[in-house]
Structures are given as structure tokens and as C-alpha cells.
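> what shape does this take:
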Amino acid sequence: MGDASMVGLMGRVTGTVGPGLVGEVIVRVRGGAEHFLAYAADSGARIESGTVVMVVEHLPPRTVYVTPAYDG
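Residues are numbered from 1 along each chain as shown. This next block holds a predicted model:
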């Protein structure tokens, strides 16, 4: 799956994403759900487990940059 097709997909944080941390997200892709290593698009942000996120960048094969999908 190419970079462009991952951008915009929604996922859920399964391991906290934040400064100094390599987090983890699960994203529904290719007819299933897959885990990806995750970094915050805003390098100073902390995104807690359970937060719904959107993929803003994909670095193949298994790394994504994410941002919270909803304010609040």
C-alpha cells in the first residue's frame, strides 16, 4: 500500500504517542486491522491510548505520523 493511500485513514492509539515515545496505533486497512509504529505529527503532543487519530504521513513499511481526529 503506497503512502498516499494511508494518509487520511482513521485509527486508534493502542500505545501512548508522545515526545520521546514510539507509540502504536491500529488502523483498518486492506480489509483488516493492522498495527503501526506511531509518532505525533506535532512533535510536542502527547496522544493517550484509546484516542481516535488520523494518519497524516506514512513511512513504509510500518510507521505513521498521526494527529487526534477530534478536538476535546
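
> hmm, who's touching stretch 25-33?
Residues external to stretch 25-33 that are found in contact with it (Cβ atoms under 8 Å, 6 or more residues apart in numbering): 1, 6, 9-15, 17, 34-36, 38, 53, 55, 64, 66. The way it works is simple: take the backbone N, C-alpha and C, and place the C-beta from them, glycine included.

> filter those down to the buried ones and hand me the PyMOL line.
Selecting just the buried residues from these in PyMOL takes one command, with 16 or more other Cβ atoms under 10 Å as the test:
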select buried, resi 6+9+11+12+13+17+36+38+53+55+64+66
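
> in helices only, show me the contacts of stretch 25-33.
Of the contacts of stretch 25-33, the ones assigned to helices by DSSP state H are Met6.

> now intersect the contacts of stretch 25-33 with the strands, please.
With strands defined by DSSP state E, the entries of the contacts of stretch 25-33 inside them are 10-15, 34-36, 38, 53, 55, 64, 66.

> those residues: which two are farthest apart?
Among the ones in strands among the contacts of stretch 25-33, the pair separated by the greatest distance (Cβ to Cβ) is Met10 and Gly15, at 16.9 Å.
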